[in-house]
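In: no sequence for this one, just the structure:
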């Protein structure tokens, strides 16, 4: 049951690790290099390392006695790795600049493998007594001192004694890879000699360590070549190995409770003893390397010689004291930098907050102004534009028409089509009778329905305005006055063809009267009358239509001979519609629809008014 559960959990973890790696690859490919990508990479790696550390820490209390030291050492190694990553994150996320190269946390990063080596060296899957535990603890101390000595001898001279970034990078990479190869080799040997769930655990540790070795080597080379940045594809193997360590940490409790992997000790203790002897034997040879180790600066040679003679422990204390003093100075500078950064961030946050608030209030004010402007230009009862709106736009519309005529040659003015404005005044016939007979609410409803019918007739480019009371005005843009009688016939038809259903069983059939005039009123004398005078002329035509019997349209247009005396064109003269200046076009509609265009002379108009 334990083996089946471990296998099932292993498959689930494999799927999870694969998904996490795919997500990281997608983010690395899709997101460009930025602070957000750096923060994502650092937070992800810190989270994975913290989870791996906590996984082994949780198994310490429940582990058997022979497995407790293994979990403790693994927890220590992963904790050191996590602390180094936190320091890296401090530079990149908190201080927002690249971590220095050489990096102060490299020694912690290098030494975190040592407790993991010791955890493998104690062989927790084998039965062992108190003496063996003490020996393995001493092995851990010797292992720590040995690797610390190697780091101080190979790497430290190029970091502090004679700073050389390139040599430092190559030295660190070489020694770090050797350390990880040794760890992977030890895991391979232990895996070959173990059984059961311990065998699976060692295999996972071997695979994760080997993957981490490849990832750290590629990342270190990229750092030396100045091509690395956190969150890039170089971090994919590292993230995969970290996720693998998380899986191992949380599966360690189940594996450590299984005693089926126990096997007799055969030669592994002898191998460890020989390894210790090799380390002791090699140490004096380091004196020769320090003295005759190639063409290196004299300062490096002296440092290595003193380091080897004084032995690793003494030199380690000296390095610790020096690093402690440097840390105190660095911490003082970091505190000042942090204070300035906090103050800058606070001021920046306040400024962004105020800018956002100001931007929001500005947008809200604009929206309110637009709403108020639209409300001020809209008739509250019918929903169409009001007279104020027309007064706002009529000047600019008239100026546009005048510019069109001014740009045209005199010989082409008569050929201009669809450039004029036409003002059409519509008034409901006998509207007062509706208010008197049925009340003002019914009259208001009738006006709303009239506006709706007019909206179905006008074009989108036209402007429908409630002029006042039961009067509506249509300003037709970019049109030709010769087509206005047909349009007026359509309006007459729409108004009178169907009764208005006012609700509650009330249906009323109404007609309307129309008066219209174009602007410019005369194309050959387009500056003789202004747009406002054309509106007055349309109103005069409306009264003429009412006087002639209602349910018809009257338009006042220039005669053919008006071009002979353009100076005689005045509003008062044109309103009379007397030759040779003006004539009247009359349009009516009856069922079935018939439209007639009648040009009346002055005497005909007078007779019609008398009738």
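Out: Received the coordinates, thanks. Values in this document were obtained by computation on a predicted structure and should not be read as measured data. Numbers count the residues shown, from 1 in each chain.
In: who are the neighbours in contact with residue 388?
Out: 376, 377 (Cβ atoms under 8 Å, 6 or more residues apart in numbering). C-beta here means a position set from N, CA and C on the backbone, and glycine is covered the same way.
In: Look up phi and psi at it.
Out: The phi/psi pair for residue 388 (degrees, to the nearest 10) reads phi -60, psi -40.
In: What are the buried residues along the helix or strand harbouring residue 209?
Out: In the assignment (DSSP states H and E), residue 209 maps to helix 196-224. Neighbour-count burial for helix 196-224, counted by 16 or more other Cβ atoms under 10 Å, picks out 196-202, 204-213, 215-220, 222-224.
In: can you check stretch 376-393 too?
Out: Within stretch 376-393, the residues that count as buried by 16+ other Cβ under 10 Å are 377, 378, 379, 382, 384, 385, 386, 389, 390.
In: Tell me which other helices or strands the helix holding residue 209 touches.
Out: helix 2-30, helix 113-121, helix 165-192, helix 236-256 (3 or more Cβ pairs under 8 Å, 6 or more residues apart in numbering; DSSP states H and E).
In: elements contacting the third one?
Out: The reference is to helix 165-192. With 3+ Cβ pairs under 8 Å, 6+ apart as the test, helix 165-192 has helix 106-111, helix 113-121, helix 130-154, helix 196-224 packed against it.
In: now the following helix or strand past the third one, how far from the chain's geometric center?
Out: Spelled out, it's helix 130-154. Downstream of helix 130-154, the next assigned helix or strand under DSSP H and E is helix 156. Helix 156 has its C-alpha centroid displaced from the chain centroid by 45 Å (Cα atoms, centre = their mean, to the nearest Å).
In: Report the mean per-residue pLDDT for helix 156.
Out: Averaged over helix 156, pLDDT sits at 78.
In: and what of stretch 408-427?
Out: Averaged over stretch 408-427, pLDDT sits at 74.
In: for the helices and strands packed on helix 196-224, which one sits closest to residue 330?
Out: helix 165-192 (18.7 Å; Cβ to Cβ).
In: Buried residues of that closest one, list them for me.
Out: Result for helix 165-192 [16+ other Cβ under 10 Å]: buried residues 167-173, 175-176, 179-180, 182-184, 186-187, 190-191.
In: That one vs helix 196-224, what angle?
Out: 170 degrees (axes from the mean of the first three to the mean of the last three Cα atoms, to 10 degrees).
In: Off-centre distance for helix 165-192?
Out: 43 Å.
In: tell me the strands in the stretch 351-500 of the chain, going along the chain?
Out: 385-386, 420-428, 463-468, 471-479, 500-503 (DSSP state E, counting those that start in this stretch).
In: Kindly reformat the ones you listed as a markdown table containing distance to residue 344.
Out: Formatted as a markdown table, the strands of the stretch 351-500 of the chain follow (distance: least, Cβ to Cβ, whole Å):
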| stretch | distance to residue 344 |
| --- | --- |
| strand 385-386 | 54 |
| strand 420-428 | 61 |
| strand 463-468 | 56 |
| strand 471-479 | 57 |
| strand 500-503 | 69 |
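In: Of all those strands, which one comes closest to residue 402?
Out: Judging the strands of the stretch 351-500 of the chain by Cβ to Cβ, what sits closest to residue 402 is strand 420-428, at 10.4 Å.
In: Go ahead and list the helix or strand containing residue 584.
Out: strand 582-588.
In: so what strands line up beside that strand?
Out: Strand 582-588 has the following strand partners under DSSP bridges: strand 552-558 (antiparallel), strand 598-600 (antiparallel).
In: Which one, of those strands, ends up nearest to residue 118?
Out: Here strand 552-558 is closest among those (Cβ to Cβ), at 106.3 Å.
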